[in-house]
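> when you get a sec, could you give me coordinates for this:
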Amino acid sequence: MRTTAVVAAYNEEKTIGDVLRALTSTDLIDEVIVVSDGSDDRTVEICRGFERVRTIALRENHGKGFAMAVGVANASHDVLFFCDGDMYNVTEEHIAALLEPVVRNECDMNIGIRDRGAVANFFHLHLKCGPVLSGIRVMRRSVFETVPPQYQAHYKIEAALNCFCAAAGFRQRQTIIRGLDHVIKESKRGLRDGLYARWHMMRQVFLLLFDLYVFETWRWTPRSELPVAEYDLFE
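Coordinates of the predicted model:
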């Protein structure tokens, strides 16, 4: 089974190079697509320097979920490896640990969870304290396609993937990834803007969880369509 890596990136000039070096240096990944979500720094320029990378530069910022959906629409293969552009210390061992259970048909979606220590891992994964949200995960294309377009926007996508994967009867698991980290919003955007972005994300996810698991409006709401975005493609 062949794999496409999809990297959603917004102003990730400091880390995107390291992410792409990891993805392009392993034989486990057959295709790499970066979707720059309206970046106004050197993100696109850096991505274009990699021979094995297709770069889609959205002309406006539409949000992470939208960028992921654009990547999926342009992917050639049916196994999808999602990775955020702000991660660092990504290794071939991390890639293999996430990818192989899906390729071996042990599960349909495998979510990578950064190691937070034995106690935090136990509360998070075994006692289900808090949603399992992660930007690094592997799935079959059919799992992504279970998510209605209205839930593929902004920060909704990860919680929506968990919900609709289970609702459709697909198998999912979580794999703890040690040594992996990412740049926090406060470091990328400054303290004030970073805190606002974090509050906006948490608020959106909190309201979404009520929608998905309590009100379940998706059961009777017609599927909407994502807007058509203008972008430049570099191959």
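> may I have the secondary structure class of Glu93?
When states are read from DSSP: H, G, I helix; E, B strand; the rest coil, the local structure at Glu93 comes out as helix.
> could you measure from it over to Arg203?
Relative to Arg203, Glu93 is positioned 35 Å away (criterion: Cβ to Cβ, to the nearest Å). Yep, even glycine has a C-beta here, placed from its N, CA and C like the rest.
> what of Phe234?
For Phe234, the distance to Arg203 (Cβ to Cβ) stands at 35 Å.
> sheet-wise, list the partners of the helix or strand where Leu233 lies with their directions.
Mapping Leu233 onto the secondary structure by DSSP states H and E places it in strand 231-234. As defined by DSSP bridges, the strand partners of strand 231-234 come to strand 53-58 (antiparallel).
> buried residues in whichever helix or strand comes after the partner strand?
On the C-terminal side of strand 53-58, the nearest following helix or strand under DSSP H and E is helix 64-73. Across helix 64-73, burial judged by 16 or more other Cβ atoms under 10 Å covers 64-72.
> just the terminal-to-terminal distance for stretch 162-178.
Start to finish, the residues bounding stretch 162-178 are 22 Å apart (Cα to Cα, to the nearest Å).
> so which residues make contact with that stretch?
94, 97-98, 101, 106-115, 121, 125, 131-132, 136, 139-140, 142-143, 146-148, 151, 212-213, 218 (Cβ atoms under 8 Å, 6 or more residues apart in numbering).
> could you export the buried residues of helix 64-73 as TSV, including distance to Phe82 and pLDDT?
Rendered in TSV, the data for those read as follows (distance: Cβ to Cβ, whole Å; pLDDT from 0 to 100):
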residue	distance to Phe82	pLDDT
Lys64	10	91
Gly65	11	93
Phe66	14	94
Ala67	10	95
Met68	6	96
Ala69	11	95
Val70	13	96
Gly71	8	96
Val72	9	96
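> okay if I get these as JSON lines plus distance to Asn11?
Written out in JSON lines, the entries for those read as follows (distance: Cβ to Cβ, whole Å):
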{"residue": "Lys64", "distance to Asn11": "12"}
{"residue": "Gly65", "distance to Asn11": "17"}
{"residue": "Phe66", "distance to Asn11": "16"}
{"residue": "Ala67", "distance to Asn11": "12"}
{"residue": "Met68", "distance to Asn11": "17"}
{"residue": "Ala69", "distance to Asn11": "20"}
{"residue": "Val70", "distance to Asn11": "17"}
{"residue": "Gly71", "distance to Asn11": "17"}
{"residue": "Val72", "distance to Asn11": "22"}
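> if anything else comes up later, I'll come back, but that's it for now.
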